[in-house]
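S.K.: coords please:
(2 chains)
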Protein chains: 2
Amino acid sequence: MDNIKNYVQQNKERFINELIELLKIPSVSADSAYAQDVIDTANAVKISLEKAGCDLVEICETPGYPIVYGEKIIDRNLPTVLVYGHYDVQPPDPMELWTSPPFEPVIKTTDIHPEGAIFARGACDDKGQMYMHVKAFEYMIQNNCLPCNVKFMIEGEEEVGSKSLGWFVERNQEKLANDVILISDTGMISNQQPSITTGLRGLSYVEVEVTGPNRDLHSGLYGGAVANPINVLAKMIASLHDENNHITIPGFYDKVEELSAAERAEMAKAPFNLDNYKKALNIEDVYGETGYVTNERNSIRPTLDVNGIWGGYTGEGAKTVIASKAYAKISMRLVPNQDWEEITALFTKHFESIAPKAVKVKVTPHHGGQGYVTPIDSIGYQAASKAYTETFGVPAIPVRSGGSIPIVALFEKELKSKTIMMGFGLDSDAIHSPNEHFGVFNYLKGIETIPLFYKYFVELSKS
Amino acid sequence: MDNIKNYVQQNKERFINELIELLKIPSVSADSAYAQDVIDTANAVKISLEKAGCDLVEICETPGYPIVYGEKIIDRNLPTVLVYGHYDVQPPDPMELWTSPPFEPVIKTTDIHPEGAIFARGACDDKGQMYMHVKAFEYMIQNNCLPCNVKFMIEGEEEVGSKSLGWFVERNQEKLANDVILISDTGMISNQQPSITTGLRGLSYVEVEVTGPNRDLHSGLYGGAVANPINVLAKMIASLHDENNHITIPGFYDKVEELSAAERAEMAKAPFNLDNYKKALNIEDVYGETGYVTNERNSIRPTLDVNGIWGGYTGEGAKTVIASKAYAKISMRLVPNQDWEEITALFTKHFESIAPKAVKVKVTPHHGGQGYVTPIDSIGYQAASKAYTETFGVPAIPVRSGGSIPIVALFEKELKSKTIMMGFGLDSDAIHSPNEHFGVFNYLKGIETIPLFYKYFVELSKS
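M.R.: Prediction:
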């Protein structure tokens, strides 16, 4: 299939420039200050799908940000691929750590990306990876080699829990009917060693508020005599892990699947160098749950992390104050079988129970989602594996990711089809961090690989 | 001494308006954005001392903000009173909790202040209490009843550790020579029960920084595998207190004086109602060191409080990130005999020692000061006691304050004289908090009481 290689070579400048235009719009779904930009991005995605060759493209209103739906139905008797992606991005802060403005994309070379990478918020997660599908689709239309029906569902709330997408999917099962769901919102091991994500962790994200006195107090006049909400919050957070870094919430581990020694041995085969890992992060040592190695701690084990904490005086200099309130954003990554709503309830009950009488505690669930594991013997997985093998020259390895795409479990429940996660990003792409980037190699390789998935998926469906 | 009563009555509108003008200048020493305002305030204080009748007033340059020095020498053979105060104020934030703008003073009545209180940052701490001395001095000049020499030393860095004042005092011992130092920067029990502060706590204020990975990380891909600086900081902070709320820093209590049962019984006589205390703060329960009551916990016992904490994503909504760094501002209130520099060193050593290998820790000392206890059998204390008794109609009770005026211990060391703390504020004045205020009654009562201190101090000095 050299056509696609040639097509990518002939059009790569345009492919890159179109993505750069999309990246210029700051579609930060977590911050309402960017609301208009999020909506503008939805419209830009709509136009790109129309240009690429969809027969029908709609901006579907929801209780939240709209979902862009597009389709190309060539024959009702042929299989249908549903492509999912998201056009919203993470907040860019801390801004001061970006070496170039997050919404002014530039191409810079790195050790891992000698041929250049596009630096911008959303470059990899997920505008870049979503747009690979639009361009791969354009190729199949332009070259009359689209072998089946395609539906696109691109949402704008993935970074804030996909609330409206759940609502939308439940109400549009027929419209969204498909044989396989294709997502590029994960990564692979390296540009030399492709991998396919077979597992995702679930997520429970909560915000906690600890209230002590009804006003900020002078720490001299009141220090030692009243509960300091920051000290109390620190104590409560600290108590959520024991000395082995096990999470102490009663019932938290009840439904966690324990992998067999064989499965763990299989996982251990994935190439991993601890020294390089520590060097890349500039840390003296890793840190985590006793009894598990790094690649298990961030994939098959549930975790609890504080994502943000604030309270009291955080300005320049010193202020001797006891704050009235302290806050934290806490998220738990869950593994298959852990129900996120049950875990959220267990957290809330436990957190309220450990609060001393001297403070009031409020727990507000933000959002969550179930974990997911996809079987590697499915037609979809086999098609993806053949596609990677052909374009990379080496077979893709199945890996469990520590990340979460909460909606995947819901897809299976509502749409009764498996999801294949064909990711082309790298851990080093700094998604959710300053200086997020996406390799030009990875972007073009994705566009080159995706049409092969369609080809093999249709072939394997026939047999 | 009805003259002073009458003088206050005749001039009270002017006294209040002059203070309001001073309060309009946002002299926040902790934030360099207010630098010009701090300097403008020094000049306003200079002018007020000249108008009140000082022979000599100088703006004394220092390594930091200037010190306003003024004097009226009537006879070298008479005693000299050195008045200390500060013209800088605490930062106003959180702004949203102020019911009127912090630098637009207004008079409002409260349950405790039926005749009205001036609401503004610095109203009580310390512009209002400092200005009482200027107006009391004006009275003594206008009525030819100043019985001794007076020196004023008003600084602009009290809220950030009085660094330059120490430098200034060490270099101007002759200029500042005096027989007693008078400060109004503390409070009293109530408008019906005056009290004189005989003890102050010392202070050690530090900022800590915990660094994990070299960049913010995706909490799904890295969660559970690397040390989260916020979780680690919470654990470290929590470990600074044991289950009895004793501070766990080795050596922290070595020099703490244990009061005798008799002394504690004496302290317990001060009127205090725990239910009212809890009601005023809207807390279900107090919280503190086992084995001590509230009035001991915030006065004769050392404490450790986090004054501010921040790290990770603190904006609207959710961000699944592991922050690269987490920070906290931590202050320790110390009791007499604890050396603040020694405590700062003990804290630093301990905090660094408890950090896991997976993070880097940096401790930056902000400032500090020694505690202080003044003898109640001194001429100065006796003069103050007589003055309060005369204007309030009831004897003033000696009390230990939990607050710190780090410079007081240095005064004794460098100037060899005792400090008398004639405070007229109330705990409910919300100093260091939103809606700081100072009762009109308290302000005028202070102006009325101070000249009596001069009268009795000179009388007792003769005998």
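S.K.: So for the one helix or strand A:D37 maps to, what gets flagged as buried?
M.R.: Using DSSP states H and E, A:D37 sits in helix A:35-52. Buried residues in helix A:35-52, counting neighbours by 16 or more other C-beta atoms under 10 Å in any protein chain shown, are found at A:D37, A:V38, A:I39, A:T41, A:A42, A:A44, A:V45, A:K46, A:S48, A:L49, A:A52. Every C-beta, even on glycine, is put in place using the N, C-alpha and C of the backbone.
S.K.: could you give the angle of the next helix-or-strand element following it to helix A:35-52?
M.R.: Downstream of helix A:35-52, the next assigned helix or strand under DSSP H and E is strand A:56-60. On the basis of axes from the mean of the first three to the mean of the last three C-alpha atoms, to 10 degrees, strand A:56-60 is oriented at 170 degrees to helix A:35-52.
S.K.: The helix or strand just after strand A:56-60 pairs with which strands, parallel or anti?
M.R.: Sequence-wise, the next helix or strand downstream of strand A:56-60 (DSSP H and E) is strand A:67-72. If you go by DSSP bridges, strand A:67-72 pairs up with strand A:56-60 (antiparallel), strand A:149-155 (antiparallel).
S.K.: who touches the last one?
M.R.: The list of residues contacting strand A:149-155 from outside it, by C-beta atoms under 8 Å, 6 or more residues apart in numbering or on different chains, reads A:42, A:45, A:49, A:54, A:65, A:67-76, A:78-88, A:130, A:133-134, A:137, A:162, A:164-165, A:168, A:176, A:178, A:407, A:454.
S.K.: Spit out the contact partners of the residue lying closest to A:G317 once chain neighbours are set aside.
M.R.: Leaving aside its chain neighbours, A:G317 sits nearest to B:A30 (3.4 Å; criterion: C-beta to C-beta, 6 or more residues apart in numbering or on different chains). Neighbour list for B:A30: A:G315, A:E316, A:G317, A:A318, A:K319, B:Q90, B:P91, B:E159, B:V160 [criterion: C-beta under 8 Å, 6+ apart].
S.K.: at 7 Å instead, please
M.R.: By C-beta atoms under 7 Å, 6 or more residues apart in numbering or on different chains, the contact set of B:A30 is A:G315, A:E316, A:G317, A:A318, A:K319, B:P91, B:E159, B:V160.
S.K.: Repeat that for A:G199.
M.R.: Going by C-beta under 7 Å, 6+ apart, A:G199 touches A:S299, A:P336, A:Y372, A:V373, A:R400, A:S401.
S.K.: Turn those residues into CSV, including neighbour count.
M.R.: Listed next are these as CSV, based on neighbours: other C-beta atoms under 10 Å in any protein chain shown:
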residue, neighbour count
A:S299, 26
A:P336, 18
A:Y372, 25
A:V373, 16
A:R400, 23
A:S401, 23
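S.K.: wait, which of these is closest to B:T186?
M.R.: Set against B:T186, the nearest of the contacts of A:G199 by C-beta to C-beta is A:S299 (58.6 Å).
S.K.: for that closest one, helix, strand, or coil?
M.R.: Put simply, A:S299 is coil when judged by DSSP: H, G, I helix; E, B strand; the rest coil.
S.K.: Show me where the stretch 201-350 of chain A has its strands.
M.R.: Along the stretch 201-350 of chain A, the segments classed as strands by DSSP state E, counting those that start in this stretch run A:202-211, A:217-218, A:303-312, A:321-322, A:325-334.
S.K.: Sorry, wrong one. I was asking about the stretch 51-200 of chain A.
M.R.: A:56-60, A:67-72, A:80-86, A:106-108, A:117-119, A:149-155, A:180-183, A:195-200.
S.K.: Could you find the closest non-adjacent residue to A:V180?
M.R.: A:G380 (4.2 Å).
S.K.: What are the buried residues along the host helix or strand of that neighbour?
M.R.: Secondary structure assigned from DSSP H and E places A:G380 in helix A:379-392. Using 16+ other C-beta under 10 Å as the test for burial, helix A:379-392 gives A:379-389, A:391-392.
S.K.: okay, that helix in CSV with CA atoms only?
M.R.: Provided in CSV are the C-alpha atoms of helix A:379-392 (Å, rounded to 0.1, in the frame of the first residue of the first chain):
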residue,chain,number,x,y,z
ILE,A,379,-10.9,-9.0,14.8
GLY,A,380,-10.3,-5.4,15.7
TYR,A,381,-7.2,-6.0,17.7
GLN,A,382,-5.8,-8.4,15.0
ALA,A,383,-6.5,-5.8,12.3
ALA,A,384,-4.7,-3.1,14.3
SER,A,385,-1.8,-5.4,15.0
LYS,A,386,-1.3,-6.2,11.3
ALA,A,387,-1.5,-2.5,10.4
TYR,A,388,1.3,-1.5,12.9
THR,A,389,3.4,-4.5,11.9
GLU,A,390,3.2,-3.4,8.3
THR,A,391,4.1,0.3,8.8
PHE,A,392,6.6,-0.1,11.6
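S.K.: how much does it deviate in direction from strand A:195-200?
M.R.: Orientation check (the same axes, to 10 degrees): helix A:379-392 against strand A:195-200 gives 150 degrees.
S.K.: distance of the residue nearest to A:K357 when sequence neighbours are not counted from B:Q193?
M.R.: Nearest residue to A:K357 in three dimensions, chain neighbours excluded: B:D285, at 4.4 Å (C-beta to C-beta, 6+ apart). Going from B:D285 to B:Q193 by C-beta to C-beta, to the nearest Å gives 26 Å.
S.K.: In the stretch 1-150 of chain A, what residue comes closest to chain B?
M.R.: Closest approach between the stretch 1-150 of chain A and chain B, counting by C-beta to the nearest C-beta: A:A30, at 3.4 Å.
S.K.: returning to that earlier point: now the helix holding A:D37, how far from the chain's geometric center?
M.R.: Computed by C-alpha atoms, centre = their mean, to the nearest Å, the separation of helix A:35-52 from the middle of its chain amounts to 20 Å.
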